[in-house]
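Asker: Quick one: sequence and predicted model below, then my questions.
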Amino acid sequence: MHDFEPVTVSRRSTVEDRQLALKQIYRQVLERIPFESERASLAQLEKDFLKDKIGVRRFLKELGCSDLYLDFFYYSSSNVKFLETCFKHFLGRAISSHEEMRHYDRILTRMGVRDMIRAIMDSEEYRKAFGCFTVPYPRTLNCYESPRVYLESQMINEEHVGQRGWSMPTLYWHQMGYTCINGVCHHPEAYEELNSPQPRTANTPRAHNNAVPTSDIPVDELLALIRTASPAQARELVANLTPQQRQAIRAAIH
């Protein structure tokens, strides 16, 4: 995990200290320094922060709800992938469970994206970890729910935005059986050739099931289903993918 001194401002901080904090906010939340053309929309917000009219937490709330942030991270992502991105940016960790994902997905779908971001930043966890004046950073917790949660937090904090696409969060990648190292994910079957289905002969009974044949579901439709489904629906969908469907999705993602 990242090892650096957290950046904190106070009433005694100089303008130079606040400028340093501002750069760290952008690196953490936008994962880059904004272009000059983009900073025009943030000019008043930056001015208030540098003049000590607002703290880090208030600045982050406004930045997270800004068109600059939402245009790049929200409108280009599925809901569940965006939730993972927000946890990375504002809490410095990965989503710990499907239950946690469902909780914030309900806020997102019922109340809207801005209320969801505010809910994260108004959470008890955020207040205890960062308070009002510390810039969020990739955290190493004292206790994780499982080794998987630790590895997922390490992975998302070290990878670049969009490195594994904009649809599926890390929870689903692991559910599909991927092994992810240094931000790059592979599947044990990725380079194996699946056996083609044997042709049915006159003496071969036809299978009776309600499953839709894989060949009838285009890959882009499978990805669209995962992208637009609720966490519970997406989890069920990923769990029920056939080997052929999984292979097709892997090929499309890579």
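Answerer: Looks like it came in fine.
Asker: all helices in this structure, in order from the N-terminus.
Answerer: Per DSSP state H, the chain carries helices over the ranges 15-29, 36-39, 43-50, 56-64, 67-69, 79-86, 98-111, 113-121, 124-130, 147-158, 170-175, 219-228, 231-239, 243-253.
Asker: Any chance you could list what contacts the third one?
Answerer: Spelled out, that is helix 43-50. 15, 18, 19, 22, 39, 54, 55, 56, 59, 62, 63, 66 (CB atoms under 8 Å, 6 or more residues apart in numbering). Any C-beta I mention is one placed from the backbone N, CA and C, and that applies to glycine too.
Asker: Show the pLDDT at the first one.
Answerer: At residue 15, the predicted lDDT confidence score is 96.
Asker: quick one: the closest residue to it other than its chain neighbours from residue 59, how far?
Answerer: Counting by CB to CB, 6 or more residues apart in numbering, residue 15 lies nearest to residue 50, which is 5.8 Å off, once chain neighbours are set aside. Plainly put, residue 50 is 10 Å away from residue 59 if you go by CB to CB, to the nearest Å.
Asker: Neighbour count: the two, which is higher?
Answerer: Higher neighbour count among residue 50 and residue 59: residue 59, with 23 against 16, using other CB atoms under 10 Å.
Asker: what's the closest non-adjacent residue to that one?
Answerer: Closest to residue 59 by CB to CB, 6+ apart is residue 49, at 4.9 Å.
Asker: gap between that neighbour and residue 58?
Answerer: 8 Å.
Asker: When the two are compared, which one has more neighbours?
Answerer: residue 49 (23 against 15).
Asker: Now do the same contact list for residue 24.
Answerer: 7, 135, 137.
Asker: If we only consider those residues, which is nearest to residue 101?
Answerer: Of all these, residue 101 sits closest to residue 137, with 22.2 Å by CB to CB.
Asker: Just the buried residues of the contacts of residue 24.
Answerer: The neighbour-count criterion (16 or more other CB atoms under 10 Å) marks 7, 135, 137 among the contacts of residue 24 as buried.
Asker: Distance to residue 128 for those - can I get that in a markdown table?
Answerer: Listed next are these as a markdown table, based on distance: CB to CB, whole Å:
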| residue | distance to residue 128 |
| --- | --- |
| 7 | 17 |
| 135 | 15 |
| 137 | 14 |
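Asker: sorry, back to before: narrow the contacts of helix 43-50 to just the buried residues.
Answerer: Applying 16+ other CB under 10 Å to these flags 18, 22, 54, 55, 56, 59, 62, 63, 66 as buried.
Asker: quick one: the fifth one and residue 28 touch, right?
Answerer: No: applying CB atoms under 8 Å, one finds residue 56 not in contact with residue 28, separated by 10.4 Å.
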